[in-house]
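A.B. asks: Following is a predicted model, sequence given first.
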Amino acid sequence: FFNRPKWRSRCVVFLRLGLLENLEKKDDGFLFCAVQTEKAFQKQPTIFLNRKQVVGAKKKTGRFVRNVGLGFKTPREAVEGTYIDKKCPFTGNVSIRGRILTGVVASMKMKRTIVIRRDYLHYIKKYNRYEKRHKNISAHLSPAFRDVQLGDIVVVGQCRPLSKTVRFNTLKVQRSVAGTKSFKKF
């Protein structure tokens, strides 16, 4: 993929700016860049990559990171990492507004998307009792959250529609102590 001169020169620019950590020389003499895994060239739209070198100037890490607000801290991986995700609330072009929900991770089979399960109790007036119900919500999972497993408790925030079914973005992940099949009411 990086055998083409245009992509090779961009990788060299990334290396000079400090955006790439994993850059190695192949035996055929071409550079290989570990961040670029898609067909299209991945970059943050707010960062200019072709600035000129100034002698004696400080090197800035050219990475756009922001605080989503609402009391949620920006993960360290978002600040120090090298991933590019335009749907990430910390490094991309997505704002969190509306509802903040909590749920349990039910599925991680999609790429950068998880399904969370929200359990609740529904009151039946005739029998004066409650029944268990649940809803599944698809949420975007940023690469800033690395070790997410089934059963973990996640906090998601509403954002603009990111795809046909995804309208929420993961903001916080808590490790689960219990098993995956327990009923959790929030």
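C.D. replies: Okay, I see it.

A.B. asks: And stretch 104-124, end to end?
C.D. replies: For stretch 104-124, the first-to-last residue distance is 25 Å (C-alpha to C-alpha, to the nearest Å).

A.B. asks: could you give me the average pLDDT of it?
C.D. replies: Averaged over stretch 104-124, pLDDT sits at 96.

A.B. asks: got it, and stretch 159-173?
C.D. replies: So the average pLDDT for stretch 159-173 ends up being 96.

A.B. asks: Can I get that stretch in CSV, CA atoms only?
C.D. replies: Written as CSV, here are the backbone C-alpha positions of stretch 159-173 (Å, rounded to 0.1, in the frame of the first residue of the first chain):
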residue,chain,number,x,y,z
CYS,A,159,-24.8,12.4,19.5
ARG,A,160,-25.8,13.0,15.9
PRO,A,161,-26.6,9.9,13.9
LEU,A,162,-23.3,8.1,13.0
SER,A,163,-24.8,5.4,11.0
LYS,A,164,-28.2,3.7,10.4
THR,A,165,-28.5,2.4,14.0
VAL,A,166,-25.8,4.2,16.0
ARG,A,167,-26.8,7.4,17.8
PHE,A,168,-24.7,7.1,20.9
ASN,A,169,-21.0,7.4,21.7
THR,A,170,-19.1,5.7,24.6
LEU,A,171,-17.8,8.1,27.2
LYS,A,172,-16.7,6.0,30.1
VAL,A,173,-16.0,2.3,30.8
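
A.B. asks: What lies in contact with it?
C.D. replies: Here stretch 159-173 makes contact (C-beta atoms under 8 Å, 6 or more residues apart in numbering) with 68, 70, 72, 87-89, 94-98, 100-101, 113-114, 137-142, 145, 148, 152-158. Backbone N, C-alpha and C define where each C-beta goes, glycine included.

A.B. asks: Please give me every residue in contact with the residue nearest the centre of the chain.
C.D. replies: The residue lying closest to the centre of the chain (C-alpha atoms, centre = their mean) is S142, at 0.9 Å. S142 makes contact with P75, A78, D85, K87, C88, P89, F90, T91, R112, N169, T170, according to C-beta under 8 Å, 6+ apart.

A.B. asks: Just the closest of the residues you listed to R133, please.
C.D. replies: Using C-beta to C-beta, T170 comes nearest to R133 of the contacts of S142, at 23.0 Å.
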